[in-house]
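A.B. asks: Structure for this input, please:
(one chain, ligands or ions: 1)
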Amino acid sequence: MIKLSKSVQNLKGQPMFQILAKAQELERQGRKLIHFELGEPDFNTSLPIKIQTISSILKNDTKYTSSSGLHDLKAAACAITLKSRGFEPDINQVLVTPGANIQIYLALSCLCNPGDEVLIFAPYFPSYVSQCVALGIKPIIVETHKCFNFNPLQSDFESKITKKTKAVIINSPCNPTGYILNKFEYTNLYNILNKYNIAIISDEVYARLTFGDSKFFSPSSFDSCKEKVIVVNGFSKSYAMTGWRLGVCTGPQKMIEKMTLLQETILSCVPPFIQRAGIEALKYRNESMINEFAYRSVLATDLLNKTVGCWRGDISCLYPDGGLYCWFDVSKTTNLTSQQFCDEALDLGVVLTPGTVFGVENYVRLCFANSRENIVKGIKLLERI
Ligand SMILES: Cc1ncc(COP(=O)(O)O)c(C=O)c1O
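C.D. replies: Numbering: from 1, shown residues only. Reported below is the predicted structural model:
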């Protein structure tokens, strides 16, 4: 038998996909389930995007492209960055990739050697840790606190920095907490990171999905992505394009050059007709989908706080500023671990993701990318736990 590497033996992947596979197996056996596990908009990709793609295929736009992406898509992304983040990157600072996830891998590969350390706030999107493990990088987990709106204590954060720290990965709006880091919070962090010359990988895939008065802030506005900020972004969430696999990364030119070379080495380029779909998508803001998610975020949070309950005036679930998730504490009113809570929920026909997947016990994540009717029905079922 061949022997596999240590890094793949410790690989955990994205456990939400494994939960989905288990749920689908139960469905094949005849179970009826309400899905709240995978972070995927329940909206269809809009028609103009599909038409553009089909027409592009019919025009034989089906060959390799430059490995950094089509000029027109990169130019459109630069123009959007000017509107949304207040600076226009040089076109050489932009790389088109198949989805956002791989941008983290490419960025980590270009920044770190095996044995280096990367700071990750918990709860975290599980890919961050899995990718570090795959690359032989040490993920250093920084605890955050609900009472500080899921920010770390500054002293905690600084005490984790060593000579080996090469980057921090920050995700705002955050999967799973839904919290947005504001300008003040980012300024404090940025000053520390500047002192130690640490890169910021800023995962902004939910930047367009913000609710109410919540204001998205990107740390890229500190350095225009010229020094130490790498913006990870993609079309999956904002444009309901999860299966298309398309993303755009912005960073310092030298870093983007190396990321491009690495992408060229392992996957050549993104299909041209998919990139054309991206150019079309960037012409619109999916206002009705965003409004619907805003509505559901309040609906689900209110219901969870009624159902899972409040504890000494502390509500189980804070209202998310953005994203697709409610992140709620089950420990105070149920005395269950997050896995036990999710197991009991599954017995009742509700699929959730335990907090341990995101590196934190006591919490559970509910993705509200499901109909209002299913949100009401599903959360009502949780009353029985
Ligand atoms: C925080 C975060 N970053 C990145 C991704 C990956 O997105 P993509 O589908 O663009 O690879 C996800 C997907 O769930 C996510 O939640």
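A.B. asks: partners of the helix or strand harbouring Val96, with directions?
C.D. replies: Assigned by DSSP states H and E, Val96 falls within strand 94-97. Strand 94-97 has its sheet partners listed here by DSSP bridges as strand 247-250 (antiparallel).
A.B. asks: roughly how far apart are Leu304 and Ser338?
C.D. replies: Here Leu304 is placed at a distance of 14 Å from Ser338 (Cβ to Cβ, to the nearest Å). C-betas here are computed from N, CA, C, even on glycine.
A.B. asks: let me fix that: Ala199
C.D. replies: Taking Cβ to Cβ, one finds Ala199 at 32 Å from Ser338.
A.B. asks: just Asp329 next, same as before
C.D. replies: Distance from Asp329 to Ser338, by Cβ to Cβ: 9 Å.
A.B. asks: Determine the residues that are contacts of both of the two.
C.D. replies: Common contacts of Asp329 and Ser338, defined by Cβ atoms under 8 Å, 6 or more residues apart in numbering, comprise 362-363.
A.B. asks: which stretches of the protein aren't confidently modelled?
C.D. replies: Applying pLDDT under 70 to the chain flags residues 309-314.
A.B. asks: what about the strands in the stretch 151-300 of the chain?
C.D. replies: 165-171, 199-203, 229-232, 247-250 (DSSP state E, counting those that start in this stretch).
A.B. asks: got a list of what Asn233 touches?
C.D. replies: Asn233 makes contact with 100, 103, 204-205, 207, 247-250 under the criterion Cβ under 8 Å, 6+ apart.
A.B. asks: for those, which one is nearest the ligand?
C.D. replies: Distance ranking of the contacts of Asn233 against the ligand, using Cβ to the nearest ligand atom, places Ala100 first at 3.3 Å.
A.B. asks: Next one: the spatially closest residue to that closest one that is not a sequence neighbour from Ala199, what distance?
C.D. replies: What sits nearest to Ala100 in space, not counting adjacent residues and going by Cβ to Cβ, 6 or more residues apart in numbering, is Gly234, at 3.3 Å. Distance, Gly234 to Ala199, by Cβ to Cβ: 19 Å.
A.B. asks: tell me which residues in stretch 262-270 are buried?
C.D. replies: Buried residues in stretch 262-270, defined by neighbour count with 16 or more other Cβ atoms under 10 Å: 262-263, 269-270.
A.B. asks: in this protein, which helix has the most residues?
C.D. replies: Identified as the longest helix of the chain according to DSSP state H is helix 287-307.
A.B. asks: re the thing from before, same list, the buried residues of stretch 262-270, but as JSON lines with distance to the ligand please.
C.D. replies: As requested, the buried residues of stretch 262-270 are arranged in JSON lines below (distance: Cβ to the nearest ligand atom, whole Å):
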{"residue": "Leu262", "distance to the ligand": "16"}
{"residue": "Gln263", "distance to the ligand": "14"}
{"residue": "Cys269", "distance to the ligand": "17"}
{"residue": "Val270", "distance to the ligand": "12"}
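A.B. asks: State the pair within those residues that is farthest apart.
C.D. replies: Leu262 and Val270 (14.1 Å; Cβ to Cβ).
A.B. asks: Specify the beta-bridge partners of the residue nearest to Ala100.
C.D. replies: Going by DSSP bridges, Gly234 forms beta bridges with Gly247.
A.B. asks: ok, it - contacts?
C.D. replies: Gly234 is in contact with 97, 99-101, 103, 205, 246-248, counting by Cβ under 8 Å, 6+ apart.
A.B. asks: swap the cut-off to 6 Å and go again
C.D. replies: For Gly234, the contact set (Cβ atoms under 6 Å, 6 or more residues apart in numbering) comprises 99-100, 205, 247.
A.B. asks: What of Ile192?
C.D. replies: Glu158.
A.B. asks: Tell me where the stretch 251-385 of the chain has helices.
C.D. replies: Applying DSSP state H, counting those that start in this stretch to the stretch 251-385 of the chain gives helices spanning 253-267, 272-281, 287-307, 331-334, 338-347, 372-382.
A.B. asks: List every C-alpha atom in the last one, with coordinates, as CSV.
C.D. replies: The C-alpha coordinates for helix 372-382 follow below in CSV (Å, rounded to 0.1, in the frame of the first residue of the first chain):
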residue,chain,number,x,y,z
ARG,A,372,-39.1,32.1,4.9
GLU,A,373,-41.5,29.2,5.2
ASN,A,374,-38.7,26.7,5.9
ILE,A,375,-37.0,29.1,8.3
VAL,A,376,-40.2,29.3,10.4
LYS,A,377,-40.9,25.6,10.1
GLY,A,378,-37.3,24.5,10.8
ILE,A,379,-36.7,26.7,13.8
LYS,A,380,-40.1,25.8,15.3
LEU,A,381,-39.0,22.1,15.2
LEU,A,382,-35.9,23.1,17.3
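A.B. asks: shift numbering so it begins at 21
C.D. replies: All right, first residue 21 from here; so that's helix 392-402.
A.B. asks: so can I have JSON lines of the helices of the stretch 271-405 of the chain showing distance to Gly375?
C.D. replies: As requested, the helices of the stretch 271-405 of the chain are exported to JSON lines (distance: least, Cβ to Cβ, whole Å):
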{"stretch": "helix 273-287", "distance to Gly375": "32"}
{"stretch": "helix 292-301", "distance to Gly375": "33"}
{"stretch": "helix 307-327", "distance to Gly375": "14"}
{"stretch": "helix 351-354", "distance to Gly375": "9"}
{"stretch": "helix 358-367", "distance to Gly375": "4"}
{"stretch": "helix 392-402", "distance to Gly375": "15"}
